[in-house]
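Student: attaching a predicted model along with its sequence, questions to come.
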Amino acid sequence: LLAPLTGIKTKVVEGSNAQKLTFDITLSDEAPAGLFPIRVSTAGGLSNPLTLAVDRLPQRAVAAVSNKTPAQLPVAVSGLISGSDISRSFVLAKKGQRLVADVEARRLGAQCEPVVEIKNDRGTPLAIEWSQVPLRGDTRAEVTVPADGVYTVEIHDLSYKAPANSPFRVKI
């Protein structure tokens with residue numbers, strides 16, 4: 001794995017094969033936050049670049065966050081959407097707390113047009129945002145929560161036609 005980061009350690013995860021290659025990546029404590037291009041080098045050449053997001057937030061997969069096991073803030077939740085998928089993450093928040101959901105999708109190479117919605121425990125939208133030019137086509141929603149509780153952060157494609165396996169990451 002080639003990346004423009006010093007002190008990076010990589011290990012191929014058991015079960016990887018020619019169709020799916022998975023790496024366990026460990027970064028040094030000095031690794032800067034940001035988005036970095038990575039490539040796989042093989043005897044056959046270099047892969048196309050993918051984007052690696054680096055920060056110090058706890059990382060969770062969408063599948064690991066539910067309304068029964070909401071994530072503690074702050075957190076970064078990642079996953080994939082396709083077609084009309086709606087990805088839902090759940091977080092605990094306190095009355096008066098500022099809740100920000102910053103979506104990285106286009107910046108990671110996805111071709112979808114991300115929309116983010118923050119909803120209360122009854123499903124009422126408190127904030128809805130879509131593609132923003134300053135975020136290179138990604139989006140960010142922000143709200144001050146009105147009560148203690150579990151809040152939902154939803155990610156979907158603007159036209160509900162996301163290309164297959166569009167990656168996203170939402171920093172909450």
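Tutor: Cool, got the structure. Just so it is clear, the structure is predicted and the values come from calculations on it, not from any experiment.
Student: flag the shaky bits of the chain, pLDDT-wise.
Tutor: In the prediction, the chain carries no residues with pLDDT under 70.
Student: got the phi/psi numbers for L135?
Tutor: phi -100, psi 20 (degrees, to the nearest 10).
Student: gap between it and E129?
Tutor: Plainly put, L135 is 10 Å away from E129 if you go by Cβ to Cβ, to the nearest Å. (Each C-beta comes from the backbone N, C-alpha and C, glycine too.)
Student: let me know the outermost residue of the protein.
Tutor: A43 (31.2 Å; Cα atoms, centre = their mean).
Student: before we move on, the earlier item: which neighbours do L135 and E129 share?
Tutor: Between them, L135 and E129 share no contacting residue under Cβ atoms under 8 Å, 6 or more residues apart in numbering.
Student: quick one, what contacts S87?
Tutor: 62, 79, 81, 154-156, 168.
Student: now do N67
Tutor: For N67, counting by Cβ under 8 Å, 6+ apart, the contacting residues are 90, 150, 152.
Student: can I get the host helix or strand of V100 in PDB? Just the C-alpha atoms.
Tutor: Assigned by DSSP states H and E, V100 belongs to strand 98-104. Taking Å, rounded to 0.1, in the frame of the first residue of the first chain, the C-alpha atoms of strand 98-104 are listed here in PDB:
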ATOM      1  CA  ARG A  98     -24.600  21.500  18.900                       C
ATOM      2  CA  LEU A  99     -24.800  18.500  16.500                       C
ATOM      3  CA  VAL A 100     -22.800  18.800  13.300                       C
ATOM      4  CA  ALA A 101     -22.900  16.100  10.600                       C
ATOM      5  CA  ASP A 102     -20.100  16.600   8.000                       C
ATOM      6  CA  VAL A 103     -20.400  14.200   5.100                       C
ATOM      7  CA  GLU A 104     -17.400  13.100   3.000                       C
END
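Student: same question for it: list its buried residues.
Tutor: Within strand 98-104, the residues that qualify as buried are 99-104, counting by 16 or more other Cβ atoms under 10 Å.
Student: now swap in stretch 60-75 and tell me
Tutor: Neighbour count says stretch 60-75 has 60, 62, 65, 70-71, 73, 75 buried, by 16+ other Cβ under 10 Å.
Student: so which of the contacts of N67 are in helices?
Tutor: Using DSSP state H, the subset of the contacts of N67 located in helices is empty.
Student: just the buried residues of those residues.
Tutor: Here, 16+ other Cβ under 10 Å leaves 90, 150, 152 buried among the contacts of N67.
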